[in-house]
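In: predicted model and sequence follow; I will ask about them next.
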Amino acid sequence: MALYELDDPGDLVAPTLLGAFDGWVDAGSAATTALEQLAETGDVIARFDGDALLDFRARRPTLEIHDGRLAELSWPKIDVTRARAGEHDLLILTGAEPDYRWGEFSESVAEIARRLGVAQWISLGAIPAAVPHTRDVPILGTESWPGLLKGAVRPGPAGILRVPSAAISVLEMTVAKSGIPSLGYFAQVPHYVSGPYPPASLALLRSVGTHLGVDIAAGSLETESRQLRSRLDAATAVEETTRQYVERLESMVDEERLPSGDDLITEIEQFLRNRGTEQRD
């Protein structure tokens, strides 16, 4: 049985397929928010089988109850939406990260890409990092071969890094193996910020716009970013430990120096211990 249903998308010219999932590698919901902005006025052309791919005990559907009557269920979804950016056709794959059958799922996505003549794949993601909210959001890149990334984004980090994989990375590798150029843009989100982080969504949209050579409407993300910056500045100003920590991160960014992984872990642990001590006091 196929894992997806595909409608006729109409005429497509060398479309770009972009993907992002919630949860792992979506810090601050930055990547999925960016793609939701791109897909806002598009039409869904493919739907994946949630019963086959998702654990509904972990991702329970939302139930609406009207005056004691069970009225509506909203199920977690994984869809592909057709949209446009300038003269570019876009296919946007987003939704819940699958819980099951990653291999079959990634092969299905590669099959859709081949059927629709996809010219390139772009992963979007976001990771927590020791970066300050007072500076531009750093973007790391991945690419299936050198020269695919555009703008000032470079592949990174340097060296070998072993981390638990996200489904989006499995897809990027599978699509690349089918011969389609594949790359990714990953925003770094301040690890001390909880909740949605619109500045990272905005940075990812700008990276996609630079890559495609088009201006992408940001919707309300610019206003939300300014409002969040004001709130974070105010919170930082009244807490001495946080202010000093942010200043240290700023100095590292301004001097373009990066601490080692062990140093980063030590700094983050010390920061959290200090905050915990202050809150108890």
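Out: Looks like it came in fine.
In: check which residues of the strand or helix carrying residue 207 are buried.
Out: In this structure, residue 207 is located in helix 198-212 according to DSSP states H and E. For helix 198-212, a neighbour-count test (16 or more other C-beta atoms under 10 Å) marks 198-212 as buried. From N, CA and C alone the C-beta is placed, and that goes for glycine too.
In: likewise for stretch 231-247?
Out: Neighbour-count burial for stretch 231-247, with 16+ other C-beta under 10 Å as criterion, is recorded at 232, 236, 241, 242, 245, 246.
In: which members of those residues are the farthest-apart pair?
Out: 232 and 241 (14.7 Å; C-beta to C-beta).
In: gap between the two ends of stretch 80-100?
Out: Here the two ends of stretch 80-100 are set 18 Å apart, with distance taken as C-alpha to C-alpha, to the nearest Å.
In: which parts of the stretch 1-150 of the chain are strands?
Out: With strands called from DSSP state E, counting those that start in this stretch, the stretch 1-150 of the chain shows them at 4-6, 16-21, 43-48, 62-66, 69-74, 78-85, 88-95, 120-129, 139-143.
In: quick one on the thing from earlier: let me know the average pLDDT across the helix holding residue 207.
Out: Within the predicted structure, the mean pLDDT of helix 198-212 is 97.
In: same question for stretch 180-191.
Out: For stretch 180-191, mean pLDDT rounds to 96.
In: any chance you could map the helices in this protein?
Out: If DSSP state H is used as the criterion, the helices of the chain fall at 30-39, 50-53, 102-115, 167-177, 198-212, 221-238, 240-254, 261-280.
In: turn these into a markdown table, including distance to residue 5.
Out: Formatted as a markdown table, the helices of the chain follow (distance: least, C-beta to C-beta, whole Å):
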| stretch | distance to residue 5 |
| --- | --- |
| helix 30-39 | 18 |
| helix 50-53 | 12 |
| helix 102-115 | 11 |
| helix 167-177 | 19 |
| helix 198-212 | 27 |
| helix 221-238 | 31 |
| helix 240-254 | 46 |
| helix 261-280 | 44 |
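In: tell me which of these is the most buried.
Out: Stretch with highest mean neighbour count among the helices of the chain: helix 30-39 (a mean of 25; mean count of other C-beta atoms under 10 Å).
In: for that one, which helices and strands make contact with it?
Out: Using 3 or more C-beta pairs under 8 Å, 6 or more residues apart in numbering; DSSP states H and E as the contact test, the elements touching helix 30-39 are strand 16-21, strand 78-85, strand 88-95, strand 120-129, strand 182-190, helix 198-212.
In: which stretch among the helices of the chain comes nearest residue 21?
Out: Closest to residue 21 of those, according to C-beta to C-beta: helix 167-177, at 5.7 Å.
In: show me what that closest one is packed up against.
Out: When contacts are defined as 3+ C-beta pairs under 8 Å, 6+ apart, helix 167-177 sits against strand 16-21, helix 102-115, strand 120-129, strand 182-190.
In: noted, bye for now.
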